[in-house]
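1. Here's my sequence, what's the structure:
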Amino acid sequence: QVVVVESGGGLVQDGGSLRLSCTTVGRTINTYAMGWFRQAPGKERGIVGAIDGRGGNTYYADSVKGRFTISRDNAKNSVYLRMDNLKPEDTAVYYCAVGSFLGSLRTTPNEYHYWGQGTQVTVSS
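-> Predicted structure coming up:
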């Protein structure tokens, strides 16, 4: 069984920064495609950023491009989402998801196999 654990959410002011962390129990994710998604109330879950299984390629949604950075630390079996210049419209529950072994970039939820419980990010204006 694979358990995905996110952390790092919280309340921040407009223009602030947060770093979300994701790690797993039961599987080493160093060579797995990973994704960060978010879901705001009344909206569908959508991609924020993704990193491929080899760690060399990343993808960002247009709304966060230039502000968010996804990275991985294999020694810590972790993936991170650094969020800078946060805006109120970034308020959502953020989810980490595990994709396929050596997988390429994937942007839709049904292409991921394991999900965390989510961490709330609230940006106040």
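2. could you give the mean pLDDT of stretch 104-111?
-> The predicted model gives stretch 104-111 an average pLDDT of 95.
3. Assign a three-state SS to the residue nearest the centre of the chain, would you?
-> Within the chain, the residue whose C-alpha comes closest to the C-alpha centroid is residue 36; the distance, by C-alpha atoms, centre = their mean, is 2.3 Å. For residue 36, the secondary structure call by DSSP: H, G, I helix; E, B strand; the rest coil comes out as strand.
4. Give the full set of residues in contact with it.
-> Contacts of residue 36 were listed using C-beta atoms under 8 Å, 6 or more residues apart in numbering, and they are 20, 22, 47-50, 70, 79, 81, 94-97. Every C-beta, even on glycine, is put in place using the N, C-alpha and C of the backbone.
5. buried subset of those?
-> Burial by neighbour count, 16 or more other C-beta atoms under 10 Å: within the contacts of residue 36 this picks out 20, 22, 47-50, 70, 79, 81, 94-97.
6. Any chance of CSV for those, columns secondary structure and distance to residue 64?
-> As requested, the buried ones among the contacts of residue 36 are arranged in CSV below (DSSP: H, G, I helix; E, B strand; the rest coil; distance: C-beta to C-beta, whole Å):
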residue, secondary structure, distance to residue 64
20, strand, 12
22, strand, 16
47, strand, 10
48, strand, 6
49, strand, 7
50, strand, 12
70, strand, 10
79, strand, 16
81, strand, 9
94, strand, 11
95, strand, 14
96, strand, 15
97, strand, 16
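7. Residue 32: which of those residues is nearest?
-> Distance from residue 32 was checked for each of those by C-beta to C-beta. The minimum falls on residue 79, at 9.1 Å.
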